[in-house]
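Colleague: 3D, please:
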Amino acid sequence: MNVKKTLLRALLGFPLGLAIGYSITILVSLSLASRSGGEYLPCAPALAQELGGELNAVLAQAALCGLLGAAFAAASRIWDVERFSLAKQSGLYFLAASAAMLPVAYLARWMERSLLGFAQYFSIFLAVFVFNWLIQYAVWRIRLRRINQSLPKEE
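Modeller: Numbers count the residues shown, from 1 in each chain. Below you'll find the model as predicted:
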């Protein structure tokens, strides 16, 4: 794999991770609005308490979201390796995504810090990964079928 392309993709992934992380805080705040009195929740309250205030927690969470975006973007280069089977690409990407996501979720306090909390978070992560993989697989299968149908038939 080309290291320069991987680093470039990671650099582009950092601001994307920041944007997605910020968007998620807005969605979480909207979904919890009735319980929070309509307050914006920029981070997990436990993270703010752990880091001595909301500002420190938001800064840490922003850095973690950026790193997560960079890791996911860099890991996406796995899909470019044509000599790998789809199963190998999927397995390697899942391992890379898990290796990035789970420590970030733990540090940002997005999961309960216990074996049960880890198991629950990992289960949700796995379910989202499989769901997304199945949708992507179906989309690409349809696209490839259309491309194949548009090719001239050999006689």
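
Colleague: Name the residues that touch the lowest-mean-pLDDT helix or strand in the chain?
Modeller: Of all helical and strand segments in the chain, the minimum by mean pLDDT, DSSP states H and E falls on helix 33-36, at a mean of 80. Outside helix 33-36, the residues within contact range by Cβ atoms under 8 Å, 6 or more residues apart in numbering are Ser29, Glu39. Backbone N, C-alpha and C define where each C-beta goes, glycine included.

Colleague: which secondary structure elements does the helix or strand following it contact?
Modeller: The helix or strand immediately downstream of helix 33-36 is helix 45-50, counting by DSSP states H and E. If contacts are counted by 3 or more Cβ pairs under 8 Å, 6 or more residues apart in numbering; DSSP states H and E, helix 45-50 sits against helix 54-75.

Colleague: How about the helix it packs on, which residues are buried there?
Modeller: Buried residues in helix 54-75, counted by 16 or more other Cβ atoms under 10 Å: 57-58, 60-75.

Colleague: Alpha carbons only: can I get that helix in CSV?
Modeller: Output of helix 54-75 as CSV, limited to C-alpha atoms (Å, rounded to 0.1, in the frame of the first residue of the first chain):
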residue,chain,number,x,y,z
GLU,A,54,-16.7,20.7,30.1
LEU,A,55,-14.1,22.7,28.0
ASN,A,56,-11.3,20.2,28.7
ALA,A,57,-13.7,17.4,27.9
VAL,A,58,-14.9,18.9,24.6
LEU,A,59,-11.3,19.6,23.5
ALA,A,60,-10.4,16.0,24.3
GLN,A,61,-13.5,14.6,22.6
ALA,A,62,-12.8,16.7,19.5
ALA,A,63,-9.2,15.4,19.3
LEU,A,64,-10.5,11.8,19.7
CYS,A,65,-13.2,12.3,17.0
GLY,A,66,-10.6,13.7,14.7
LEU,A,67,-8.2,10.8,15.4
LEU,A,68,-11.1,8.4,14.9
GLY,A,69,-11.9,10.0,11.5
ALA,A,70,-8.3,9.8,10.5
ALA,A,71,-8.1,6.1,11.5
PHE,A,72,-11.2,5.2,9.6
ALA,A,73,-10.1,7.1,6.5
ALA,A,74,-6.6,5.5,6.6
ALA,A,75,-8.2,2.1,7.1
